[in-house]
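> here's a sequence, model it:
(chains A and B)
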Amino acid sequence: MSTAKPPYLQSSQEWLKQSALLLKARPTTTRITTKYKVLSPKDIEAKITKARARRKIRSKPADGEPKPDTEATTTPIQPAATLILKTFDDESGVCLKYKTDKAFEVGRLIGSLGILGRSMAALPNKPPEELEVPAAMDTAVGSGTQTPVPEAAKGAAAEGKGQGGGGGGGKKKKKGKK
Amino acid sequence: MAGKHMSHDEFFAGLTKLFETTRSKSHGSVFLVQKRLSYDLSASSSTSTSPTPQKVADDPLWDLHPPSPLPVLIRATAGKSKNHPKEKVKLSTAVQPDALEAFFARYAEVARGGMTGLKKRDRTRRKAKDRKRKKAGGKEGVKG
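This next block holds a predicted model:
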């Protein structure tokens, strides 16, 4: 059951990598939204009951009887917060998201925002951590384009597999054989 | 547009307050947005019709290599917007390229201090483990 909503990326590293690529391709139209959301106990309870109802509906035809839920009722509900990072490009519609509820990630994530902020400001990448990624991007764009349309770069960023460089390599191989 | 942005100090003070209100209400959201500030702030008063003067240059990739580093716009919003537009708080500030590092250092500090609803590291899990261990130990003792 996949909805129209874009999936969340698995790790913050991946989010940073993809976002850096997207920003590189579209530095002016890409924005990063950080959403810090606090759910009150009431909200959480509503969410849980909703989920439970859904589970019951799904399990009914299979099991016949809905299982009694014991675990959820015993634990007291505390206010919970989530942090969602979203990189969105207006023009191409590319959307990259990462979600976490861990406090220790905040520092690192804001750090990534700082790194991405540098490329927004069109400053050179200073931190050495992300060097390989932009380099791969460069080769992909350089090898595959005589007509430098931003769509190409966008496609690479949108596909989001980090294998844009691999594709470029394949092309080169072919040329060499001929 | 130039008057809209506030100084970094004001921005951080406002942001801290935003986080505090969400904490005291124990529900709600804070949105933080960052994007390249592509229109010229100083020119907005005199020539307001051209928001992106560089775009006129006949180059499809004009924004990939701007002649000079551009400032970054940071926005923070919170509160209801649908039915109570007056309750919505909006903050925004422009960060000049040379101030980016200092700004984000402070930004991280404020965020870390403000996002208190997120889960703390390990602690609870470790405690639960300890409890389990104790229980297991107790049972073994009974058996022996």
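
> relative to B:Leu118, how far out is A:Lys17?
23 Å (Cβ to Cβ, to the nearest Å). Any C-beta I mention is one placed from the backbone N, CA and C, and that applies to glycine too.

> B:Ala78 too?
16 Å.

> just give me the neighbour total for A:Ala46.
By the criterion of other Cβ atoms under 10 Å in any protein chain shown, A:Ala46 has 12 neighbours.

> check which helix or strand covers it.
helix A:41-63 (DSSP states H and E).

> tally up the residues packed near A:Gln10, please.
Other residues close to A:Gln10 by other Cβ under 10 Å number 9.

> give me the phi and psi for it.
Reported as degrees, to the nearest 10, the phi and psi values for A:Gln10 are phi -70, psi -40.

> and A:Arg26, by the same measure?
Note on A:Arg26: its backbone torsions stand at phi -140, psi 80 [degrees, to the nearest 10].

> now the closest residue to chain A within chain B: which helix or strand?
Using Cβ to the nearest Cβ, the single residue of chain B nearest to chain A is B:Gly117, 2.7 Å away. Assigned by DSSP H and E, B:Gly117 belongs to no helix or strand.

> what strand or helix carries the nearest residue to it once chain neighbours are set aside?
Nearest residue to B:Gly117 in three dimensions, chain neighbours excluded: A:Ala81, at 2.7 Å (Cβ to Cβ, 6 or more residues apart in numbering or on different chains). Take DSSP H and E as the rule and A:Ala81 turns out to sit in strand A:80-89.

> which residues does that strand contact?
Strand A:80-89 has contacts (Cβ atoms under 8 Å, 6 or more residues apart in numbering or on different chains) with A:12, A:15, A:18-19, A:22-23, A:26, A:29-39, A:44, A:94-101, A:105-106, A:109, A:113, A:116, A:154, B:115-119.

> can you pull the contacts of the residue of chain B closest to chain A?
Here B:Gly117 is in contact with A:Tyr36, A:Val38, A:Pro79, A:Ala80, A:Ala81, B:Thr22, B:Arg23, B:Ser26 (criterion: Cβ under 8 Å, 6+ apart).

> partner residues bridging the fourth one?
Right, the one you point to is A:Ala80. A:Leu39 (DSSP bridges).

> and for it, the neighbour number?
Going by other Cβ under 10 Å, the residues that sit close to A:Ala80 add up to 18.

> what are the buried residues along stretch A:119-127?
Under the neighbour-count criterion of 16 or more other Cβ atoms under 10 Å in any protein chain shown, stretch A:119-127 has A:Ser119, A:Met120, A:Ala121, A:Ala122, A:Leu123 buried.

> cool, and stretch B:13-21?
For stretch B:13-21, the neighbour count (16+ other Cβ under 10 Å) marks B:Gly14, B:Leu15, B:Leu18, B:Phe19 as buried.

> show me the contact partners of the strand or helix carrying B:Leu32.
Assigned by DSSP H and E, B:Leu32 belongs to strand B:28-36. Residues outside strand B:28-36 that contact it (Cβ under 8 Å, 6+ apart): A:27-28, A:30-38, A:113, A:116-117, A:120-122, B:15, B:18-19, B:21-22, B:70, B:72-79, B:111, B:114.

> among these, which are in helices?
Among the contacts of strand B:28-36, the members falling in helices (DSSP state H) are A:Leu113, A:Leu116, A:Gly117, A:Met120, B:Leu15, B:Leu18, B:Phe19, B:Thr21, B:Thr22, B:Ala111, B:Gly114.

> max pairwise distance over these: which two?
Put simply, by Cβ to Cβ the two of the ones in helices among the contacts of strand B:28-36 set farthest apart are A:Met120 and B:Thr21, 28.4 Å from each other.

> can you report how many residues neighbour B:His65?
Neighbours of B:His65 under the rule other Cβ under 10 Å: 9.

> so what's the residue sitting nearest the centre point of chain B bridging to?
For chain B, B:Leu32 is the residue whose C-alpha lies nearest the centre (Cα atoms, centre = their mean; 3.7 Å). Beta bridges link B:Leu32 to A:Thr34, B:Ala76 when assigned by DSSP bridges.
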